[in-house]
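Peer 1: What follows is a predicted protein model with its sequence.
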Amino acid sequence: MTDFLDPLPWLIMLPLAWGTLAFVLGPGRGGRLAIAAIALQGLLVLQLAGQLLAGGARVHAVGGWGAPLGIDLLADGLAAVMLLLAQAVALPLAIYARGYFAAQPKGRELFWPMTGYLLAALNALFLSADLFNIYVTLELLGLAAVGLVAIAGGQAPVTAALRYLLATLLGSGAWLLGVALIYGSYGSVSLAILAPLVGADAPLAATLAAALMLAGLLLKTALFPFHFWLPPAHGGAPAPVSALLSALVIKATFYLVLRLWLELFAPLTTVAAAQLLGILGAAAILWGSALALAQTRLKMLVAYSTVAQVGYLFLLFPLATLVPPDAAESAVQGGVMQAVAHGLAKAAMFAAAGSMIVATGRDDIGRLGGVGAHLPLTLFSFGLAGVTLMGLPPSGGFSAKWLLLRAALETGQWWWVAVMIAGGLLTAAYVFKVLRRAFLPVASGDRVTRVPRTLEFSAFALALAAILLGLFGAPLLALLAVGGAA
Amino acid sequence: MSRAVAALVVLLAAGLAAALGLAMLDLPEPAVRLPARVAAKLGDSGVDHPVTAVLLNFRAYDTLLEVAVLLLALVGVLALARPHAARAAAPAHPLLQTLARLVAPLMVLVAGYLLWIGAHAPGGAFQAGAVLAAAGVLLRLAGLLPAWAQPGLLLRGGLALGLLVFVAVAVAVLGQGSLLQYPPAAAGGLILLIEAGLTLSIGLTLAGLYLAGTEVEP
């Protein structure tokens, strides 16, 4: 009986099933089903986290064959943290989306099936221990994300979706080429089988595969200078979609970079490559923040903020590569904490921005006057999310940046500290640009209407979670430590 | 695109091609031999053909996700299809219409044969579904099938059937120990059940990629 209730397979099969059922139910249907199912997925992840904390990492051999003939699922601490993030972001956003599409019906017809497949792809990706299977999850994820960007129709979103499609296909193609090279070199695509083989002997094909796979993932993660596709895609989609994409989809490919870097390709990593990733991260922080500050549309500002925040994730590589284990552990904890904190905060920020746009009827920072008076909770949520992005205590963003700072100081790489401080100041500047406008009175000729309360409360729940993460981050780090990824 | 960017792209592509060529020359003997392992376990897979054994048993989980990718592609097309595109089919030449009426039933028969033979020889749900879809496209070209505006409940059910059956079988056998772990005695029957559902759904999905919001000029 216990086999039937194993959370690993259900976390993948459940969203596949409800996504498909939502499609059968018909256009715009399936929202309540989705919310109930995501809540159940959340309980499954909590059960899984309990299992990991009690008994260590878990493997589930699909089909009962075991690697290398079959495909294995692996749940370790890192996978569990990402799964937790995905369900924790998806549940409030699903509640938000029901209210949002009631107010703005454009794009609601096929939102639920696509979201089901998106979550199935995310959960499958986090749990996969097989390079080819990861390729399949990347295809499912990329196609769902592109579909969601195009869902509302109109020329600008469809153009953005097409550009996103080409970028993500190029990334998947690079990954697949890498997988083919690895299979040709070692005869297997299982991570567990490959790790000792790569450690023992890495021919040119393996090094080339590592470079190709990394490049493909960086393109999909939108790390500077591969960020060109992100702002129009994330800024042009309906607000719940923007939130899902910014909070979760780019984190999935970051998770793969981290896992490959720390495990499979660890024997091939060099300080120079790690410094290069750090420099790209630093450039993303400065360039993304500066462009966010220059935006006049609210959702584009939030989208450029994602470009900047992705940069912080990549600061962990120079701080964790070929350094003392203490510093490396702190750096990985900081990077993962940043992924979680940004996921929650950015979902809150896009959700709040969506509410403001619904209330004012336009996506224009200059016309936000009156939002502070009419939607105080939404503006408060936006501000709280901003606190996390700036890295102010007691937020999760502060814990993340503090862990990264500690690693930077321990390894004597003070230049990253300067980048983080500059990034924090720029973040404060663009957050206050929005807050200042929103506190002004309503301009003559403009109106601010009320929005459904579910929109306000779901955004607030996400923003609050990002803050609470800073106060109660210890259990998350304990979970992360399961299985030796960090 | 400026000339400098184009030159850079060409240089990068040439560099990659050269590196790939070098890597090929340096390729070691693989440490793991999967074809031998597939052959060794073929008897337990429920089918006699190694490709079907890999697709529907050893790596059936990949196939399950691929089926979702296929359905998702159609969902994406439906999201973009414009309602006004679904006009009645334009009448085609009577000769083409007669030919299509004759050939379509035979194509359904071929699809059924490909589905059945997949257990022993090259074939199976994807090939059978592709033939079904080709029949749909032919009927559309002959003006005998209308384009899809928004598929109705029955059609949506048919599109989803293959994936739903696959997922239901995958979790129904969880009692065996893990996802998609067929009981050895029932493996052949379960694979046929999954493939039958997939044939119908893949056929409809592939046809749908063409029929959803396409216009055929007479």
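Peer 2: Yep, that arrived.
Peer 1: contacting residues around the spatially closest residue to A:Lys299 that is not a sequence neighbour?
Peer 2: Distances taken as Cβ to Cβ, 6 or more residues apart in numbering or on different chains place A:Gly235 nearest to A:Lys299, at 4.5 Å, with adjacent residues excluded. For the C-beta atoms, the positions are set from N, CA and C on the backbone; glycine is no exception. By Cβ atoms under 8 Å, 6 or more residues apart in numbering or on different chains, A:Gly235 lies in contact with A:Ala160, A:Ser242, A:Arg297, A:Lys299, A:Met300, A:Val302, A:Ala303.
Peer 1: where exactly do the helices run in chain B?
Peer 2: Using DSSP state H, the helices assigned to chain B run over residues B:3-25, B:34-41, B:50-53, B:60-80, B:94-117, B:125-141, B:153-172, B:187-211.
Peer 1: quick check: mean pLDDT across the third one?
Peer 2: Across helix B:50-53, pLDDT averages out at 92.
Peer 1: same check, this time on the second one
Peer 2: Mean pLDDT, taken over the full extent of helix B:34-41, equals 93.
Peer 1: name the helices or strands packed onto that helix?
Peer 2: helix B:50-53 (3 or more Cβ pairs under 8 Å, 6 or more residues apart in numbering or on different chains; DSSP states H and E).
Peer 1: now swap in the third one and tell me
Peer 2: Here helix B:50-53 is seen to pack against helix B:34-41 when contacts are counted using 3+ Cβ pairs under 8 Å, 6+ apart.
Peer 1: Send me the helix it packs on as CSV with only the CA atoms.
Peer 2: The C-alpha trace of helix B:34-41 is given here as CSV (Å, rounded to 0.1, in the frame of the first residue of the first chain):
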residue,chain,number,x,y,z
LEU,B,34,23.0,-0.8,-23.6
PRO,B,35,22.1,-2.9,-26.7
ALA,B,36,23.4,-6.0,-25.0
ARG,B,37,21.3,-5.2,-21.8
VAL,B,38,18.2,-4.6,-23.9
ALA,B,39,18.7,-8.0,-25.7
ALA,B,40,19.2,-9.7,-22.3
LYS,B,41,16.0,-8.3,-20.8
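Peer 1: Quick one: distance of that helix to the chain centre.
Peer 2: On the basis of Cα atoms, centre = their mean, to the nearest Å, helix B:34-41 sits 25 Å off its chain's mean C-alpha point.
Peer 1: For it, give me every contacting residue.
Peer 2: Contacts to helix B:34-41, defined as Cβ under 8 Å, 6+ apart, come from residues A:Trp65, A:Pro68, A:Leu69, A:Gly187, A:Ser188, B:Pro50, B:Ala53, B:Val54, B:Phe58.
Peer 1: and the helices of chain B as CSV, adding distance to A:Lys106?
Peer 2: Formatted as CSV, the helices of chain B follow (distance: least, Cβ to Cβ, whole Å):
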stretch, distance to A:Lys106
helix B:3-25, 36
helix B:34-41, 48
helix B:50-53, 44
helix B:60-80, 11
helix B:94-117, 39
helix B:125-141, 29
helix B:153-172, 21
helix B:187-211, 23
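Peer 1: Export those to CSV and append columns for mean neighbour count.
Peer 2: Below are these laid out as CSV (neighbours: other Cβ atoms under 10 Å in any protein chain shown):
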stretch, mean neighbour count
helix B:3-25, 11
helix B:34-41, 14
helix B:50-53, 19
helix B:60-80, 23
helix B:94-117, 15
helix B:125-141, 21
helix B:153-172, 19
helix B:187-211, 22
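Peer 1: Buried subset of the contacts of A:Gly235, written for PyMOL?
Peer 2: This is the PyMOL syntax for the buried subset of the contacts of A:Gly235, where burial follows 16 or more other Cβ atoms under 10 Å in any protein chain shown:
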select buried, chain A and resi 160+242+297+299+300+302+303
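Peer 1: Would you check which pair of the contacts of A:Gly235 lies furthest apart?
Peer 2: Largest separation among the contacts of A:Gly235 by Cβ to Cβ: A:Ala160 and A:Val302, giving 14.9 Å.
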